[in-house]
Each structure stands twice: as C-alpha cells, then as structure tokens.
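[1] Here's a sequence, model it:
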Amino acid sequence: MSVEYPRYGGRNGLSKESEREANGGAERGTDGESVPRRLVRTKEGELIDPESGLIVEERLLDYGPEWRAFSEGERAARARTGAPITAAVHDRGLTTEIGWANQDASGRNLSPERRRQLSRMRVWHRRLRTSEAGERNLQFALSEIDRMSSTLGVSRTTRETASVVYRRALKDDLVRGRSIEAVASAALYAVIRQEGLPFSLTDVADVSRVGSVEIARAYRHLRTRLNLSLPPSDPRVFLPRFCSELEVERTVERRARWILDAAVAAGLDSGKSPVGIAAAAIYLAGLIQNSKRSQREVAEVAGVTEVTIRHRYHDLLELVAE
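    The predicted model follows:
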C-alpha cells in the first residue's frame, strides 16, 4: 500500500535537509509546487521511502486489545482487567469481589455445604476490607455520597468529584468534631455549585440524613479551609428543571429566561436566593403569557415559601415595568 505525502510541512516529520537528500537534492518542481513523495507501508508496519530506503515511521504500537467485541456483554467477558480505579470506593476498587450468585463457573448451583462456606467467606471478606475504624467511616461517607447522588440523578463524574473533595477534607482533618453525613452532603453540594447543576441546598438536604443548617455550616467550613473557588449560583440554571416539573409552555419558559437575564444584568440577584428569583420569574412569566401557575404550585416545585415568591415577584415586576 502506497501513500502520497507532501514533501514539506507533512506528517513524515523529516527536516528539509533529510528530504532534500532523500530526493536527490531537489526541493520543488519546475512549477514551484511541492513534489509529492510516494511512501510504502511494509508488512512489519514500517513506513519507508522506496527511492532512498529512508524509514519514516517504525515501531508502531497498537494499544488496543487483540480481540473484538460487538456488545457490552462480550466486552465484559473478554476483558482481562478489572474496573478502573475510582475515588468513590473506600479502597479505590482495588480489592477483589465475591459475587452473590451461588453458582460455579459452569453456572451450576452449589450444594448447601458450599453455599454455607461461601457465605462465611463473604462475611470475612467484608470484615477484612474495612478492618479499621477510619476505613469504615470512609466507606460510610462514600456510600452516603453515592446514595444521595443516585437520588438526585447527578452524573458519575459529579459523584467522583464529591468523593475527592471528601477525601481532601478527611486528609486535612476537617471531619473531626462534625457529622460524617453533614460533611459528605457539604462535599456533594460544593461540587453541585462548582458544576452549576440545578440543585439547591434544600434539594441536597431533602436526600440527606441531616438538616440544611448543619449542611450549610459544614459547606462554609469546607469552602474556607479547602480554598474552593465556587461561583455564585445563577438563577437561570434552575429554570429548565422548574419549567419541566410545572409543565409550562415553551413561551412561558422563554419569557422567564428573558426576565432572569434582565434581573441578572441589573444585579437583582445579588444577595438573594437564586431559587426564589427563578420561581418568581416563572410565576411572572405565566401571568404575562396568560398561562398562570399559582404561587403554591410554583413554591412546591421550587422548594420555597409563597412569601418569598411574592417578594421577588414585586422586584421583578418593577424591573419589567421599566
């Protein structure tokens, strides 16, 4: 198989002197254009110049597997390596796992004696994986992050990042004197703020085992001690989620976004709850577009009180009236 490459600025990585030597000293054709070179790929995978014998590429490595798979099941069955290292597991996923299927390698059911023996092995395996109190506490904290992440429906990347933040807090001894659940929830909320996800502190508190006051206190402590650079919450990130749950029309969502853009440009969101501003914008947009949602409906979806919506509604109404 032959491949034509341009003599200069090409993919062969040769200098002008080397190409001039390989082509008999000629650099360009009579018309001033670059003269193409015909390179040949050998059976060994080398790329050579047949005229000069110069080896342009050699020792090519294929880092992919030598087998093929056409489905996830075949890929999992033929892979000879384990799962990637993860920070969401206390041992980073490096230990072995004993499956819960009471079957042998051929798929046959085990005898009752073998089942009892395998059950005892699982118990001791679980005890040995968390033999120290620190490992048990870390396992509990990471399992809490996993549970809350699954309930909120955030991505695996968010869960991994929250686990890294909790490990940093544990390394700097920031968990001492505080609830493990509060620090784990604060780590998850910090990552949610960092990634701009549409979840408020109330949403995290709803899936946590502690209250929002304790989570907020732990969050402020982590943000200060770990020097976390977290931008202020933007009320516009909550708009698609609230509109979807309220099942409002597209015109209402567009009008609410226009109101929020104007509010952010005027600085009305400074020092105020972004959730309350987003909820008030949806309520006001519904009134403008004749697709009204009651304050109670909007408040239940946003997780705020009706009083908050009324206060933010009057602020936005003055802005729209201008």
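
[2] When you work out contacts or count neighbours from here on, use the C-alpha atoms and nothing else.
    OK.

[3] Let me see the ranges of the helices in this structure.
    Using DSSP state H, the helices of the chain run over residues 16-22, 72-78, 112-129, 133-152, 156-171, 180-195, 201-207, 212-225, 239-246, 250-266, 274-288, 295-302, 306-321.

[4] which one of those helices lies closest to Pro50?
    For these, proximity to Pro50 was assessed by CA to CA; helix 16-22 is nearest, at 9.8 Å.

[5] Check the average confidence over the closest one, would you?
    Helix 16-22 shows a mean pLDDT of 44.

[6] coming back round to it: can you put the helices of the chain in JSON lines and add mean neighbour count?
    Formatted as JSON lines, the helices of the chain follow (neighbours: other CA atoms under 10 Å):
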{"stretch": "helix 16-22", "mean neighbour count": "15"}
{"stretch": "helix 72-78", "mean neighbour count": "11"}
{"stretch": "helix 112-129", "mean neighbour count": "13"}
{"stretch": "helix 133-152", "mean neighbour count": "18"}
{"stretch": "helix 156-171", "mean neighbour count": "20"}
{"stretch": "helix 180-195", "mean neighbour count": "24"}
{"stretch": "helix 201-207", "mean neighbour count": "19"}
{"stretch": "helix 212-225", "mean neighbour count": "17"}
{"stretch": "helix 239-246", "mean neighbour count": "16"}
{"stretch": "helix 250-266", "mean neighbour count": "17"}
{"stretch": "helix 274-288", "mean neighbour count": "25"}
{"stretch": "helix 295-302", "mean neighbour count": "18"}
{"stretch": "helix 306-321", "mean neighbour count": "16"}
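
[7] Arrange the ones you listed in JSON lines, one row each, with distance to Asp91 as further columns.
    Converted to JSON lines, these look like this (distance: least, CA to CA, whole Å):
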{"stretch": "helix 16-22", "distance to Asp91": "53"}
{"stretch": "helix 72-78", "distance to Asp91": "22"}
{"stretch": "helix 112-129", "distance to Asp91": "8"}
{"stretch": "helix 133-152", "distance to Asp91": "8"}
{"stretch": "helix 156-171", "distance to Asp91": "12"}
{"stretch": "helix 180-195", "distance to Asp91": "17"}
{"stretch": "helix 201-207", "distance to Asp91": "25"}
{"stretch": "helix 212-225", "distance to Asp91": "23"}
{"stretch": "helix 239-246", "distance to Asp91": "36"}
{"stretch": "helix 250-266", "distance to Asp91": "44"}
{"stretch": "helix 274-288", "distance to Asp91": "38"}
{"stretch": "helix 295-302", "distance to Asp91": "38"}
{"stretch": "helix 306-321", "distance to Asp91": "45"}
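
[8] Which one of those lies nearest to Ala87?
    Judged by CA to CA, the one of the helices of the chain that comes nearest to Ala87 is helix 156-171, at 5.9 Å.

[9] Which neighbouring elements make contact with the closest one?
    Judged by 3 or more CA pairs under 8 Å, 6 or more residues apart in numbering; DSSP states H and E, the packing partners of helix 156-171 are helix 133-152, helix 180-195.

[10] So what angle separates the directions of the shortest one and helix 156-171?
    For helix 180-195 against helix 156-171, the angle between stretch directions is 130 degrees (axes from the mean of the first three to the mean of the last three CA atoms, to 10 degrees).

[11] any idea how far the most centrally placed residue in the chain is from Gly134?
    In the chain, the centroid-proximal residue (CA atoms, centre = their mean) is Thr157; its distance is 2.6 Å. Distance, Thr157 to Gly134, using CA to CA, to the nearest Å: 25 Å.

[12] for Ala256, same thing?
    Remark: distance between Ala256 and Gly134 (CA to CA) = 48 Å.

[13] just Gly53 next, same as before
    As for Gly53, its distance to Gly134 is 64 Å (criterion: CA to CA).

[14] same deal with Gln103?
    Counting by CA to CA, the gap from Gln103 to Gly134 is 34 Å.

[15] which stretches of the stretch 101-250 of the chain have low pLDDT?
    131 (pLDDT under 70).

[16] go with 90
    Applying pLDDT under 90 to the stretch 101-250 of the chain flags residues 101-139, 176-177, 196, 198, 200, 228-235, 247-248.

[17] need the helices and strands packed on helix 156-171 in TSV with distance to Asp315, can you?
    Shown next, in TSV, are these (distance: least, CA to CA, whole Å):
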stretch	distance to Asp315
helix 133-152	31
helix 180-195	25
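
[18] about what we covered before: for Pro231, find the nearest of the helices of the chain.
    Among the helices of the chain, if distance is taken as CA to CA, the winner is helix 180-195, at 6.8 Å.

[19] Return the list of helices and strands in contact with the closest one.
    Helix 180-195 sits against helix 133-152, helix 156-171, helix 201-207, helix 212-225, with contacts defined as 3+ CA pairs under 8 Å, 6+ apart.

[20] Can you list the neighbours in contact with the longest one?
    Around helix 133-152, the neighbours that count as contacts under CA atoms under 8 Å, 6 or more residues apart in numbering are 88-90, 130, 155, 158-159, 162-163, 180-181, 184-185, 188, 204, 207-208.
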